[in-house]
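In: please find the sequence and the predicted model below.
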Amino acid sequence: MSRIVHVNGALLPEDQATVSVFDRGFLMADGVYEVVSVLGGKLLDFQGHMTRLARSLGELGIANPHDEATWLELHRQLVAENALEDGMVYLQVTRGNPGDRDFAFPPKELPPTVVMFTQSKPGLADNPAAHTGWKVCTLPDIRWHRRDIKTVQLLYPSMAKMEAKARGCDDAWLVEDGFVTEGTSNNAYIVTGGAIVTRALSHDILHGITRAAVLRLAREAQMTVEERNFTVAEAQAADEAFITSASAFVMPVVEIDGATLGDGTPGKLARRLREIYLEESRKTAV
Ligand code: PDD
């Protein structure tokens, strides 16, 4: 079934949904994106994703084309048009189409380009990988230094994902100055000495919306959370590890660069957090 895609206010069959070759998103990766998960036709952590979208756009000086209420309407419209039950809504906003290529930004009045589409993933919350866990490989983090802005410059994360797969891993954890930053498209955690350890927020990592929810829920469940750097060696010696993202929720990690964690099965805390997160986010879905 062909999808209905949103392009600048119009709902179009996907084969008619196009943007200009002069679009700044295409030529310069000059744009930002968000991914909101959908379970049972409802949007998870919606407000968090829209708050981060506004921040990403603000950091790049791109005008936010819609207020939160309008974004919600547009998301709901696309979910309904595509009869989406479980999956994701992807949205991208670029600096627009100046009609030519130039390093200098176009005038502020140029309207941004907005594209939104759905990705259907039936049974998204019942991903069998959650029962076995991911293997991760580490790779150097050579991305730019504003990883807190959710830009569409995803070439290196994409290359790292491919390299990880070539090495028999499910994903790569990126490492800078000896410390893990995050996964290619997720935040990284270990459980050691009874504490959940994850890198603190800065320009070095994306401020994950799932991260914020999971850390809040962990603290509410009286779990200890330490926001600090950790090394690959500390991770390999940890009791558990996991990642979080809008599309994977909480995904246990059972192996890091060939070192097995615990008994090689998903850890207790990771499994518990996945349950709590899914339960809570279904309750607050809109
Ligand atoms: N990726 N870190 C990076 C580099 C990411 O790309 C993502 C999200 C996250 C987790 O953020 P959140 O919990 O808000 O999804 C962390 C999305 C899912 C993607 O690119 O598809």
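Out: Okay, I see it. Residues are numbered from 1 along each chain as shown.

In: what comes up buried for the one helix or strand residue 114 maps to?
Out: Residue 114 belongs to strand 113-120 when assigned by DSSP states H and E. Buried residues in strand 113-120, defined by neighbour count with 16 or more other Cβ atoms under 10 Å: 113, 114, 115, 116, 117, 118, 119. Heads up, the C-betas are built off the backbone N, CA and C, glycines and all.

In: for it, packing partners?
Out: strand 4-7, helix 68-81, strand 87-94 (3 or more Cβ pairs under 8 Å, 6 or more residues apart in numbering; DSSP states H and E).

In: related to what we said a few turns ago, okay, the buried residues of strand 113-120 in JSON lines with distance to the ligand next?
Out: Below are the buried residues of strand 113-120 laid out as JSON lines (distance: Cβ to the nearest ligand atom, whole Å):
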{"residue": "113", "distance to the ligand": "19"}
{"residue": "114", "distance to the ligand": "18"}
{"residue": "115", "distance to the ligand": "15"}
{"residue": "116", "distance to the ligand": "14"}
{"residue": "117", "distance to the ligand": "13"}
{"residue": "118", "distance to the ligand": "14"}
{"residue": "119", "distance to the ligand": "9"}
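
In: count the residues that sit near residue 77.
Out: Counted with other Cβ atoms under 10 Å, the neighbours of residue 77 add up to 14.

In: er, residue 3 I mean
Out: Here the number of neighbours of residue 3 (other Cβ under 10 Å) works out to 17.

In: who are the contact partners of it?
Out: Residue 3 sits next to 13, 14, 82, 117, 118 when contact means Cβ atoms under 8 Å, 6 or more residues apart in numbering.

In: how about a cut-off of 6 Å?
Out: When contacts are counted by Cβ atoms under 6 Å, 6 or more residues apart in numbering, residue 3 touches 14, 82, 117.

In: equivalent analysis for residue 217, please.
Out: Residues in contact with residue 217 (Cβ under 6 Å, 6+ apart) are 276, 280.

In: check it and give its pLDDT.
Out: Note on residue 217: pLDDT of 98.

In: wasn't it part of a helix?
Out: Yes - assignment of residue 217 by DSSP: H, G, I helix; E, B strand; the rest coil places it within a helix.

In: mind checking how far it is from the ligand?
Out: 13 Å (Cβ to the nearest ligand atom, to the nearest Å).

In: for beta bridges, what are the partners of the nearest residue to residue 113 once chain neighbours are set aside?
Out: Residue nearest to residue 113 in three dimensions, not counting chain neighbours: residue 94, with 4.5 Å by Cβ to Cβ, 6 or more residues apart in numbering. Residue 94 has these beta-bridge partners by DSSP bridges: residue 31, residue 113.

In: for the protein, what lies in contact range of the ligand?
Out: Residues of the chain found near the ligand (Cβ under 6 Å from any ligand atom) are 35, 182, 185-187, 206, 208-211, 244-247.

In: got CSV for those, with pLDDT and secondary structure too?
Out: What follows is the residues of the chain next to the ligand, written out as CSV (pLDDT from 0 to 100; DSSP: H, G, I helix; E, B strand; the rest coil):
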residue, pLDDT, secondary structure
35, 98, strand
182, 98, strand
185, 98, coil
186, 98, coil
187, 98, strand
206, 98, coil
208, 98, coil
209, 98, helix
210, 98, helix
211, 98, helix
244, 98, strand
245, 98, strand
246, 98, coil
247, 95, coil
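
In: and the strand holding residue 114, how far from the chain's centre?
Out: Chain-centre distance of strand 113-120: 15 Å, with Cα atoms, centre = their mean, to the nearest Å.

In: for that strand, what is the average pLDDT?
Out: The average pLDDT within strand 113-120 is 98.

In: after that strand, which helix or strand is next? Please name it.
Out: Next along from strand 113-120, by DSSP H and E: helix 129-132.

In: list the buried residues for that next one?
Out: Per 16+ other Cβ under 10 Å, helix 129-132 contains these buried residues: residue 130.

In: my read: residue 176 touches residue 141, true?
Out: Yes - counting by Cβ atoms under 6 Å, residue 141 is a contact partner of residue 176 at 4.2 Å.

In: higher neighbour count, these two?
Out: Per other Cβ under 10 Å, whichever of residue 176 and residue 141 has more neighbours is residue 141, with 23 against 18.

In: please, where are all the helices along the stretch 151-286 of the chain?
Out: Taking DSSP state H, counting those that start in this stretch to define them, one finds helices in the stretch 151-286 of the chain at 155-166, 209-220, 232-236, 268-284.
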